[in-house]
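**Student:** starting from these lines, generate the structure:
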Amino acid sequence: MLEKIKPRIIRVSSEKLHLDKDNPRLPEKLKGDIFEHMKRAYNLDELAMSISENGYFEAEPLVVIPKEEEIDSKDIEKYNNYTKDPSKNDYIVVEGNRRLAAIIGIREERLKGYEKTDLEQFKDLPVLLYPNRKDVLAFLGVHHLAGVRKWNVYERVRYIVKLKEEHKYSIEDIQRIIGDKKNSAKKSYCCYRLMKILEEYDETIKTEDVEDNFSFLHLATGQEPIRNYIGLNNWNNIEDIENPIPNDKKEELKFLFKCLFDNISPGVKSLIKESREITNYLTHILKDKGATKELKSNGRIDIAYGMTGGEMAYIKKLSDNIKDNIQSISGKISGMNLSKYNDNEEFSEFVENISSIERMLKNIKNQMDE
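**Tutor:** Numbering: from 1, shown residues only. Below you'll find the predicted structure:
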């Protein structure tokens, strides 16, 4: 039985290292230069300043794979050819892209705010060489999903999707690789599939804002009333993770996305603004047909939430609020000399408001009498 290659540290010039276009931290549909995106998104100026002042941190090598070919995990002879003369080859950095981008920015003078530094230090950098991308993915999973440098929710999802769809790992294998005992990988992949199902169901749907706030979908699908609304089983009971909801629940899924995310339809803003509104309000609304109908009709979370006890309970709540306000007004004006406010504009508006309230109350009373 052939022994699997154990990654080794080699030393190469930064000029032989390339940014990874498949980096989970990059947008899926990134257009343009990777360096320029990272410069905008990851504060490279600050990192460049640190590197220029303190030098490159040798204790943590970049993690790389050969740029031109994938080496079989057991082809030790070919792997050794890379370690014998590393300078003959180019490499893709799969872990440490931010550090590499800062070095590129210093080397090519594409950043600012740092002191001039000795560029010779970048001609002999330590890197940990893996034979292929599949082998390094397990390392990334432990490092960024269970370790101290965790990716955000959507970056984790992209990693899991890559393992599942490109490298054909089962969800069970992925969970074993990353030490996941809470079904996190299964949940993440199902949430990703919900997004893709919706894109296939309605081609007008746009999901760019879903990626930025993917944690909202994670949180929402963790609530039993919301799972029931879209027909999503408990994570332990989902058999088909490619199609986790019934076909007849796609309209409900579409409405859920409209509640959670901006610009799902052009120019339409989300109904949920903060994560706590998902647990405090949306869970109660979507398990109540009347409240859900109200939310679809007027787009007001507060009104729909008020409807969760039924229409009459909501009307009574409103009337209680009116009664409390009128009592407050009555108590306030009882000791006031209102005559001195006769020429006051705000007092005139107050009088008109009271007259309007009186007319509306008469109209309500007439409807009740009928």
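**Student:** just for the protein, where's the confidence low?
**Tutor:** 1-2, 138-139, 141-151, 310-311 (pLDDT under 70).
**Student:** gap between the longest helix seen in it and the chain center?
**Tutor:** Longest helix in the chain, counting residues (DSSP state H): helix 345-369. In terms of Cα atoms, centre = their mean, to the nearest Å, the centre of helix 345-369 is found 48 Å from the chain centre.
**Student:** cool, stretch 5-23 as well?
**Tutor:** Centroid separation for stretch 5-23 versus its chain: 29 Å, with Cα atoms, centre = their mean.
**Student:** just stretch 242-258 next, same as before
**Tutor:** Per Cα atoms, centre = their mean, the centroid offset for stretch 242-258 relative to its chain is 19 Å.
**Student:** which residue lies closest in space to residue 60, excluding its sequence neighbours?
**Tutor:** Leaving out its chain neighbours, the residue that sits closest to residue 60 by Cβ to Cβ, 6 or more residues apart in numbering is residue 96, at 7.8 Å. Any C-beta I mention is one placed from the backbone N, CA and C, and that applies to glycine too.
**Student:** state the distance from the one you found to residue 370.
**Tutor:** 75 Å (Cβ to Cβ, to the nearest Å).
**Student:** so these two - more neighbours on which side?
**Tutor:** Higher neighbour count among residue 96 and residue 370: residue 96, with 19 against 5, using other Cβ atoms under 10 Å.
**Student:** contacting residues for that one?
**Tutor:** Applying Cβ atoms under 8 Å, 6 or more residues apart in numbering, we find residue 96 in contact with 60-63.
**Student:** need phi/psi at it.
**Tutor:** For residue 96, the backbone dihedrals (degrees, to the nearest 10) come out as phi 110, psi 20.
**Student:** gap between it and residue 174?
**Tutor:** Using Cβ to Cβ, residue 96 is found at 23 Å from residue 174.
**Student:** what about stretch 70-88, start to end distance?
**Tutor:** 16 Å (Cα to Cα, to the nearest Å).
**Student:** one more: stretch 104-117?
**Tutor:** From its first residue to its last, stretch 104-117 covers 13 Å (Cα to Cα).
**Student:** any buried residues in that stretch, and which?
**Tutor:** Going by neighbour count (16 or more other Cβ atoms under 10 Å), the buried part of stretch 104-117 is 104-107, 111, 114, 117.
**Student:** cool, stretch 223-235 as well?
**Tutor:** Quick answer for stretch 223-235 (16+ other Cβ under 10 Å): 223, 226-227, 229-230, 232, 235.
**Student:** now for the residues you listed, which pair is the farthest apart?
**Tutor:** Using Cβ to Cβ, these span at most 16.2 Å, a distance reached by 229 and 235.
**Student:** which helices and strands does the host helix or strand of residue 321 pack with?
**Tutor:** Following DSSP states H and E, the helix or strand that holds residue 321 is helix 311-333. Other helices and strands packing on helix 311-333, by 3 or more Cβ pairs under 8 Å, 6 or more residues apart in numbering; DSSP states H and E, are helix 301-306.
**Student:** any idea how far the helix it packs on is from the chain center?
**Tutor:** For helix 301-306, the separation from the chain centroid amounts to 26 Å (computed by Cα atoms, centre = their mean).
**Student:** i'd like the first residue to be 52 from this point on
**Tutor:** Taking 52 as the first residue, the last one we looked at is helix 352-357.
**Student:** helices or strands up against that helix?
**Tutor:** Helix 352-357 is packed against helix 334-336, helix 340-349, helix 362-384, with contacts defined by 3+ Cβ pairs under 8 Å, 6+ apart.
**Student:** go again using 10 Å as the cut-off
**Tutor:** With contacts defined as 3 or more Cβ pairs under 10 Å, 6 or more residues apart in numbering; DSSP states H and E, helix 352-357 has these neighbours: helix 327-328, helix 334-336, helix 340-349, helix 362-384.
**Student:** how about the longest one: buried residues?
**Tutor:** Of the residues in helix 362-384, those with enough neighbours to count as buried (16+ other Cβ under 10 Å) are residue 365.
**Student:** mind listing residues that contact that helix?
**Tutor:** Identification of contacts with helix 362-384 by Cβ atoms under 10 Å, 6 or more residues apart in numbering yields 341-342, 345, 354-361, 392, 401, 404-405, 408, 411-412, 415.
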